[in-house]
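**Student:** structural data only, the sequence is not supplied:
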Ligand SMILES: CSCCC(=O)C(=O)COP(=O)(O)O
Ligand SMILES: [Mg+2]
């Protein structure tokens, strides 16, 4: 079936794992305590703090305890929706202050531009919040790449290793799953997308191994649609 839309992961696919782990996560961990204390009463932040209390099973946790829980979740790389939402808000301040610039591999920039030019619809699916996705591409080292994308999906569509999440995304995109190509560096994500009927391509950057039975490439330049 010919491809109509391309859905891409971020960390390890369009962007370096090291940028997320060595730059973004430490930035959020450093600024989280002050950010949460200063904005605890803002409705958007208060809603996420409430969700942390609920998800952690500590409904009575004070702000200090919520900060501890969030720091623990950052250390564990927990893909919890309220943590991801708060990280996005903290990164926004860093991007706006010019302290952060989104990393996107040059081969990904080139291919995304070429695919967009050829008329493919481009979408993102990441555990990072939609705000965080728009920031990494909007404030990237290669400039504002957001005009290339038709939509963004995060953990509010479901976990990335579950087929049902890809079914939800297929419905939202509005084209048959078989016409969507999903790109990721994680075999469980590729398996889940394939189970939902999507076509898949694995990214094994920096000499990684073939990802299960999925077609695997080391750069976007090798993806022949
Ligand atoms: C949007 S950049 C930050 C990515 C992030 O927070 C993360 O947890 C990585 O998730 P991905 O699904 O892109 O592997
Ligand atoms: Mg990834």
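**Tutor:** That came through fine. Source: prediction; values computed, not measured. Numbers count the residues shown, from 1 in each chain. Ligands and ions are numbered 1, 2, ... in the order given.
**Student:** how close does residue 86 sit to ligand 2?
**Tutor:** 20 Å (Cβ to the ion, to the nearest Å). (C-beta placed from N, C-alpha, C; glycine too.)
**Student:** and that residue, that one's in a strand?
**Tutor:** No - remark: residue 86 does not belong to a strand; assigned using DSSP: H, G, I helix; E, B strand; the rest coil, it is helix.
**Student:** now it. Nearest residue, chain neighbours left out?
**Tutor:** If you skip the residues right next to it in sequence, residue 86 has residue 48 as its closest partner in space, 5.3 Å away by Cβ to Cβ, 6 or more residues apart in numbering.
**Student:** could you list the domains of this structure?
**Tutor:** With automatic domain parsing serving as the domain definition, the record reports that the chain contains domains spanning 5-16+103-222, 20-96.
**Student:** and those, which is most packed in?
**Tutor:** Between the domains of the chain, domain 5-16+103-222 has the highest mean count of neighbours, a mean of 19, where neighbours are mean count of other Cβ atoms under 10 Å.
**Student:** quick one: contacts for residue 165?
**Tutor:** Contacts for residue 165 were tallied using Cβ atoms under 8 Å, 6 or more residues apart in numbering; they are 125, 157-159, 192, 196.
**Student:** circling back: in TSV: the domains of the chain, plus mean pLDDT and distance to ligand 1.
**Tutor:** Shown next, in TSV, are the domains of the chain (pLDDT from 0 to 100; distance: least, Cβ to the nearest ligand atom, whole Å):
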stretch	mean pLDDT	distance to ligand 1
domain 5-16+103-222	97	2
domain 20-96	97	5
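**Student:** ok, residues contacting stretch 118-131?
**Tutor:** Contacts made with stretch 118-131 from outside it, assessed by Cβ under 8 Å, 6+ apart, are listed as 3-11, 79, 81, 84-85, 87-89, 92, 112, 115-116, 132-133, 136-137, 148-155, 157, 160, 165, 169, 173, 175, 182, 225.
**Student:** list the ones among those residues that fall in strands.
**Tutor:** Assignment to strands by DSSP state E places the following of those there: 5-8, 149-153, 182.
**Student:** let me know the closest of those to residue 214.
**Tutor:** If you rank the ones in strands among the contacts of stretch 118-131 by distance to residue 214 using Cβ to Cβ, residue 182 comes first, at 9.5 Å.
**Student:** beta-bridge partners for that closest one, please?
**Tutor:** With DSSP bridges applied, the residues forming beta bridges to residue 182 are residue 7, residue 200.
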